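K.L.:
fold the following and give me the result.
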Amino acid sequence: MTISAWLIIAVIGLPWIGAGVLWAVGEKRVKLLNLLAPVFSLTAGVAALILIGFSTSNEVIAFSIGGSFGTFSFTPDGLGVTLAAIATVIGSLAVIFSIDYMHGESQLSRYYALVLFFIGAMAGLVLTNSLLLMFVFWEITAFCSYALISFHNDDPKAVAGGIKALIMTQFGGVGLLGGALLAYSQTGSFEISNFISKAHTLSPILVGWMGFGFLIAAAAKSAQFPFQTWLPDAMEAPTPISALIHAATMVNAGVYLLARFYPAFKDVTGWPLAVMIVGTISAFMAALMALVSNDIKRVLAYSTVSQLGYMVYAVGAGGIMSSQFHLLSHAIFKALLFLAAGAVIHAVGTRDMRQMGGLGKQMPVTRAVFVIGALALSGIPILNGFWSKELVLETGLASGPLILYLFMVFGAGLTALYTFRCVWLVFYGQPRTALHGHDAGKAMKIALYPLAFGALTSWLLAGPFEQLLSTTLPLHFASGQSLASTWEILKDVVTAPATPGALALIALGLAAWWWRGPLSGLSRAFQWLGRMATGSFGFESINKAIVNGTQATGEALRVTQTGQLNWNVLGIVLGLVGVLIFLLVGAGL
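P.N.:
The predicted structure follows:
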């Protein structure tokens, strides 16, 4: 096998081997757990970074399963290796952070095993060239997120949050599986590259059904409108898991799905516009909800929904590079913000920002790295979030409706406003209660420093990143397309007509919080909007009804469980036979 094949095996396999080893180690040997978990995750991260140098548009692993299941293959193109590196590297930093954060917690073996299993599944999801195998990895990530959100299984809120995430994201699983079966029925193969290359020859109606099915799948997985309410409830998970879900794994999968299949669906009538609308609504609504939230983790969760909306918007506008570059920037600064918030919560024992204030004096290192992440999120030059967000807005202005672009620019101003509010309530001003904080521990700092450095410098990768995508994704980028250097990309951003307007709105957002006293009358005039945002604009009630209905249906179906193993096995076999018949019949159509 080639070096790249071995690297793919290492990127996916090492976390999974580590999960098995850590599960076997058990609960009593905590020091060994805290040693092995970072070793397995960091080794996978190093392998993922090396794999970037071996990127190619060709399959490097392919083995036939036989029958209707076809070939399971892996392709380390620019899109896949970038997401794999994000999952493993940021995942390993979350593992290191957990050494301090999870100190004294029980069930540590289960915790580390699930985290490593999660990281490996995400890497497999983005590297595979098989739709069927992608679906398997997709469902594994859903299971891991459920198990980790519900990790504190004696907390009803945590269990409810995990169940809600599992049910809501299963809409994505249904959409992905349906699309995979339709693709197989028309092409006789589950290979992603094969379907994308042949999509223009297939029935436009069928491709349209697949495109909108995949949009539903992506929206559910990435907590986009109208499925956005599950992600804030996922905040009951330990904070390193929040960083993992929001920055490195789960929610990135939906954006990846849209970017991966963009060449197949870009000509579907209404699909690009629908993608842009979903992204715009998600970005704007979530920014308003972040503005009225008082829970530091929920503010960051709503922020994730909003920033993912920018990425989805960019995909709809045809900006694959800008979308994925913002995904990279977001992964860095959002992991930094969540882990820094975790250091605050670990120190003071509360997530309510109304009880904080003035913590910067007690936590200078945590304050410094949090402010770096906040400036990147706000889009302040010269941090990574500024460059990537401006690229997204530039793409939207050039290729999308003006009204959507204006909403996205206004959303950038709201981002600055709620971010400045969060920083001020936590670290500045006078203490509002007698909380006693302490700075981040040694392991926490080891995880925070690289992320802070990345938020300051990752924008320098703009040129090489575009070259990586352009040279390994021939179906996404026009052949012979000129490759811009980092300097040329940055020059375009600085001189683009979208940049001054966006910076002006960001400045207004910062000023709105700074002069919040004189503007109190204006804020009172919009209290009705704040009340709507606090109630998730009614979608919380809708989604809760869906979750409750699903649970009630499950309870009703319990009568079909006889308790007899033979009957249960028979039901599984009959179901499998039905799926296989569907596949075989579809292949002959």
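K.L.:
which residues touch S92?
P.N.:
Residues in contact with S92, defined by Cβ atoms under 8 Å, 6 or more residues apart in numbering, are 38, 41-42, 44-45, 119. Glycine gets a C-beta too; all of them are placed from N, C-alpha and C.
K.L.:
and which of these is nearest N384?
P.N.:
Nearest to N384 out of the contacts of S92 is G45 (Cβ to Cβ; 19.0 Å).
K.L.:
now the strands for the chain?
P.N.:
Listed in chain order, the strands found in the chain under DSSP state E are 61-64, 71-74.
K.L.:
in JSON lines: those strands, plus distance to T229, mean neighbour count and mean pLDDT.
P.N.:
Shown next, in JSON lines, are the strands of the chain (distance: least, Cβ to Cβ, whole Å; neighbours: other Cβ atoms under 10 Å; pLDDT from 0 to 100):
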{"stretch": "strand 61-64", "distance to T229": "38", "mean neighbour count": "13", "mean pLDDT": "84"}
{"stretch": "strand 71-74", "distance to T229": "34", "mean neighbour count": "20", "mean pLDDT": "87"}
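K.L.:
would TSV of those with distance to G349 be doable?
P.N.:
Formatted as TSV, the strands of the chain follow (distance: least, Cβ to Cβ, whole Å):
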stretch	distance to G349
strand 61-64	47
strand 71-74	45
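K.L.:
one step back: by neighbours, which of the contacts of S92 wins?
P.N.:
I119 (36 neighbours; other Cβ atoms under 10 Å).
K.L.:
wait, what's in contact with it?
P.N.:
15, 41, 44, 87-88, 91-92, 244, 248-249.
K.L.:
most neighbours of all these, which one?
P.N.:
Among the contacts of I119, the one with the most neighbours (other Cβ under 10 Å) is A87, at 34 neighbours.
K.L.:
can you give me the neighbour number for the closest residue to that one other than its chain neighbours?
P.N.:
Closest residue to A87 apart from its sequence neighbours, by Cβ to Cβ, 6 or more residues apart in numbering: M122 at 4.1 Å. Number of residues near M122 (other Cβ under 10 Å) recorded here: 30.
K.L.:
so M122 touches V251, yeah?
P.N.:
No: judged on Cβ atoms under 8 Å, M122 makes no contact with V251 at a distance of 10.6 Å.
K.L.:
what's the burial count for Q324?
P.N.:
There are 28 residues near Q324, going by other Cβ under 10 Å.
K.L.:
do Y405 as well
P.N.:
A count of nearby residues for Y405, using other Cβ under 10 Å, gives 23.
K.L.:
do you know how far it is from G379?
P.N.:
The gap separating Y405 from G379 is 15 Å, by Cβ to Cβ, to the nearest Å.
K.L.:
also G18?
P.N.:
Look at G18 and G379: by Cβ to Cβ, they are 37 Å apart.
K.L.:
how about V573?
P.N.:
For V573, the distance to G379 equals 55 Å [Cβ to Cβ].
K.L.:
could you check which of the two is surrounded by more residues?
P.N.:
Set V573 next to G379 and count neighbours by other Cβ under 10 Å: G379 wins out with 26 against 10.
K.L.:
tell me the pLDDT of that one.
P.N.:
Listed pLDDT for G379 reads 90.
K.L.:
switch to numbering from 56
P.N.:
Sounds good: first residue 56 from here, last item G434.
K.L.:
so who does it touch?
P.N.:
Contact analysis of G434 by Cβ under 8 Å, 6+ apart lists 440-441, 444-445, 467, 470-471, 557-558, 561.
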